[in-house]
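Colleague: Below: sequence and its predicted model.
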Amino acid sequence: MAAILLGAFTLRVAAFQAAPPGVIHDEVRNWLNAQLILGGDIRPLYPYGGGREALYLFIQAAAFRLVGDNLLAARLPSIAFSLVGMSAGFALSRRLFGRAAGLVTLAGMAASFWSVLFARLAVRTGSMPALALLTAYLYVRLLMNSSLHKPRWAGFLVAGVALAATLYTYPSALIFPAILLAWIGGLALARPAWLRGRWLPLLASFVLAFALAIPLLRAWADPATTARANEVDAPLTALLGGDPGPTLANVEPVLLMFSVRGDPGLEFNVENQPVFPTVPLAALFYLGLIGALVGLARRWRGVGWLIAILAASSLLIELAHTVGGYFVTWAQNPVVEFLYQENYQAIARDLDAGDSSTAVAVGGLTPDEMDPVSMRLLMADDERAAALGFFDPQTALLIPPAAGAPRQVVVPQVITLHPALESALESASVEESFPAYTRYTLSNGSFESPPDRLATFADPAGAPLVDLAGVQVVGSPGERAFTLITRWEAHQPSPERLRIFVHLIGPDGAILAQSDVLGVPATQWRPGDTILQAHDLALPAGSSGPYGLAIGLYRPETGIRMAISTPPGGDAFHLDLPSR
């Protein structure tokens with residue numbers, strides 16, 4: 001057992017930075033939830049990710065507090081749950097079926113592709129089977145120990161707490177009490193003497209579990225806190241409404257997933273890999289299933305060790321499959337590298353090794369929340385990570401404040417920089433290409449602030465928020481499709497999310513085309529930030545000039561516009577659009 005656990009631990013920590021090849025957004029969302037906990041926000045379900053149970057996040061928050069904001073701290077709970085789950089699986093199988101079965105269970109969990117994968121990710125998925133196995137073991141030990149003449153009330157209460165804790169791990173855990181009750185009902189029919197005198201403490205353990213789970217059940221009853229579940233509950237909703245079609249359509253994929261075809265997604269699986277991906281292990285699974293259904297277990301007792309040897313041989317094949325499948329086939333898949341932001345891992349490594357005085361802006365597809373946290377988890381230097389600026393290169397360009405320090409803009413290779421912004425950046429910088437990203441080192445004096453401002457927009461308290469510093473037309477309105485680049489100079493971060501609106505107005509005052517976008521989150525603006533925002537506009541056929549522009553900022557949640565604090569005031573800056 002010790003050797004298997006040591007081998008399992010090695011599988012779960014080897015090549016820690018290479019597989020997975022970075023960090024996925026599910027892990028980022030857990031960090032965001034953990035920050036709520038560290039800030040004193042205690043609740044049964046947490047919002048990032050559409051409703052995530054609290055138990056794993058509490059442990060993860062403690063790891064962040066003790067170890068720091070990094071991937072090691074983020075993933076330590078998963079490693080621990082994996083080892084606890086394997087130990088509980090061994091103990092449960094040994095008590096039910098003997099030592100050989102316990103060792104086979106332990107080795108099977110150690111070598112399983114998904115047990116390895118979820119132990120190396122900062123997600124809560126692996127916490128549910130670990131606690132379910134532990135809870136099942138506690139109840140089996142209490143109910144199947146015929147040598148106990150008096151029920152152990154303390155043991156039953158501990159089992160009730162473990163059952164409640166299981167419910168706080170993952171949505172599928174909500175059906176676990178029904179599984180336990182079904183097993184207890186079968187035990188009552190087959191071995192009624194084992195339950196004699198234990199009904200009252202058993203009932204007390206379930207009542208305790210239910211009482212501890214009330215906050216979670218109330219949270220699940222609120223659709224506002226369970227957005228993710230509401231996205232995937234269509235088959236259940238249809239079934240409760242009298243339509244079994246969607247549920248029946250899922251039967252075949254579920255049956256095939258054991259040995260034929262599994263999840264097609266690559267986030268957590270080799271494409272279409274089944275639960276038992278090797279033929280020997282799949283054969284043993286079906287043999288065991290058939291034996292359980294027809295009652296062959298008693299006849300197999302004399303050959304239990306032979307079966308264990310066959311299982312061990314199959315598990316060695318499974319282990320070889322898992323090592324190659326996880327560390328090579330899965331981790332080096334280009335789609336997986338994209339999903340786990342392998343480019344960001346390379347950027348983080350180089351930033352940690354580079355000059356910490358350089359001001360850096362990093363491009364990404366999710367600059368609002370995900371990208372800053374991803375870099376914080378991937379970088380060793382938290383202070384440096386917190387000083388980075390973030391933008392979406394597809395629509396915008398962020399020029400960090402100068403302050404006499406070197407300035408760089410970094411764009412991952414998987415993202416295409418807007419052509420108009422790329423032209424402006426290339427003309428004012430030295431470009432260096434790397435396998436994972438392109439780095440632009442800005443020339444001295446480039447992107448200097450113009451002396452005049454077109455307009456200054458104020459925050460709700462009236463303080464200067466950001467200046468509209470310039471407008472540039474790329475292309476010609478006469479060509480119908482063209483790009484407008486607005487330049488902004490930030491004074492401070494905005495307390496609320498904002499967007500830029502650009503309205504192209506015809507001679508009669510009608511809006512002919514518009515753009516609503518902001519690729520540099522306003523809540524992250526820093527004094528001295530320069531934002532170049534590209535607006536792609538297209539004139540409708542048959543329209544004619546002269547044209548005008550209305551430019552401003554608004555809150556997307558409410559539609560309320562930000563006020564201009566410089567004359568002539570109002571909530572939009574107007575100017576005539578030159579024709580070329």
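Modeller: Yes, it's here. Numbers count the residues shown, from 1 in each chain.
Colleague: List the contacts of Ala403.
Modeller: By CB atoms under 8 Å, 6 or more residues apart in numbering, the residues touching Ala403 are Ala359, Gly528. In short, each C-beta sits where N, CA and C put it, glycine included.
Colleague: My reading is that it lies in a strand. Confirm?
Modeller: No - per DSSP: H, G, I helix; E, B strand; the rest coil, Ala403 lies outside any strand segment and is coil.
Colleague: now it: how far from Ala386?
Modeller: Using CB to CB, to the nearest Å, Ala403 is found at 17 Å from Ala386.
Colleague: do the same with Ala136
Modeller: 44 Å.
Colleague: out of the two, which sits in the busier spot?
Modeller: Between Ala136 and Ala386, Ala136 has the larger neighbour count (other CB atoms under 10 Å), namely 24 against 12.
Colleague: That one is in what secondary structure piece?
Modeller: Using DSSP states H and E, Ala136 sits in helix 127-143.
Colleague: what do you get for Ile214?
Modeller: helix 199-220.
Colleague: same thing with Arg29?
Modeller: Judged by DSSP H and E, Arg29 forms part of helix 25-38.
Colleague: Next, count neighbours for Gly288.
Modeller: So Gly288, with other CB under 10 Å, has 17 neighbours.
Colleague: and if you look at the one 5 residues further on?
Modeller: Look at Leu293: counted by other CB under 10 Å, it has 8 neighbours.
Colleague: got it, and Phe118?
Modeller: Phe118: 22 neighbours (other CB under 10 Å).
Colleague: Low-confidence regions, the chain specifically.
Modeller: 146-149, 295-305, 476-479, 578-580 (pLDDT under 70).
Colleague: now do 50
Modeller: Residues of the chain that meet the criterion pLDDT under 50 lie in 580.
Colleague: Buried residues, the helix holding Ile214. List them.
Modeller: Using 16 or more other CB atoms under 10 Å as the burial criterion, the residues of helix 199-220 that qualify are Pro201, Leu202, Ser205, Phe206, Leu208, Ala209, Leu212, Ala213, Leu216, Ala219, Trp220.
Colleague: Past it, which element shows up next along the chain?
Modeller: helix 227-232.
Colleague: picking up where we left off before, now the two most distant members of the buried residues of helix 199-220.
Modeller: Using CB to CB, the buried residues of helix 199-220 reach their maximum pairwise distance at Pro201 and Ala219, which is 28.6 Å.
Colleague: Arg555 against Glu496, yeah?
Modeller: Yes - counting by CB atoms under 8 Å, a contact exists between Arg555 and Glu496, whose distance comes to 5.4 Å.
Colleague: now the strands: where do they sit in the stretch 301-450 of the chain?
Modeller: 359-363, 389-391, 396-399, 407-412, 429-433, 437-442 (DSSP state E, counting those that start in this stretch).
Colleague: Could you say which one of the ones you listed comes nearest to Phe268?
Modeller: That would be strand 407-412 among the strands of the stretch 301-450 of the chain, by CB to CB, at 22.6 Å.
Colleague: quick one: the closest one to strand 429-433, angle?
Modeller: Strand 407-412 runs at 30 degrees relative to strand 429-433, counting by axes from the mean of the first three to the mean of the last three CA atoms, to 10 degrees.
Colleague: Now do the buried residues in strand 407-412.
Modeller: Buried, per 16+ other CB under 10 Å, within strand 407-412: Arg407, Gln408, Val409, Val410, Val411, Pro412.
Colleague: Just the buried residues of stretch 482-495, please?
Modeller: In terms of neighbour count (16+ other CB under 10 Å), stretch 482-495 has its buried residues at Phe482, Thr483, Leu484, Ile485, Thr486, Arg487, Trp488, Glu489, Ala490, His491, Pro493, Ser494.
Colleague: on that earlier part again, return the member of the buried residues of helix 199-220 nearest to Asp516.
Modeller: Nearest member of the buried residues of helix 199-220 to Asp516, counting by CB to CB, is Ala219, at 34.4 Å.
Colleague: Who are the contact partners of that closest one?
Modeller: Per CB under 8 Å, 6+ apart, neighbours of Ala219: Arg43, Pro44, Leu45, Gly51, Thr225, Thr226.
Colleague: One more: Ser544?
Modeller: Gly506, Pro507.
Colleague: change it to 10 Å
Modeller: Applying CB atoms under 10 Å, 6 or more residues apart in numbering to Ser544 gives the contacts Gly506, Pro507, Leu512.
Colleague: Can you redo the residues you listed as a markdown table, where the extra columns are neighbour count and distance to Gly291?
Modeller: Formatted as a markdown table, the contacts of Ser544 follow (neighbours: other CB atoms under 10 Å; distance: CB to CB, whole Å):
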| residue | neighbour count | distance to Gly291 |
| --- | --- | --- |
| Gly506 | 17 | 79 |
| Pro507 | 12 | 84 |
| Leu512 | 20 | 74 |
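Colleague: Tabulate those in TSV, adding columns for distance to Leu306 and secondary structure.
Modeller: Below are the contacts of Ser544 laid out as TSV (distance: CB to CB, whole Å; DSSP: H, G, I helix; E, B strand; the rest coil):
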residue	distance to Leu306	secondary structure
Gly506	86	coil
Pro507	91	coil
Leu512	81	strand
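Colleague: and which of the residues you listed is nearest to Ala331?
Modeller: The nearest member of those to Ala331, counting by CB to CB, is Leu512 at 50.1 Å.
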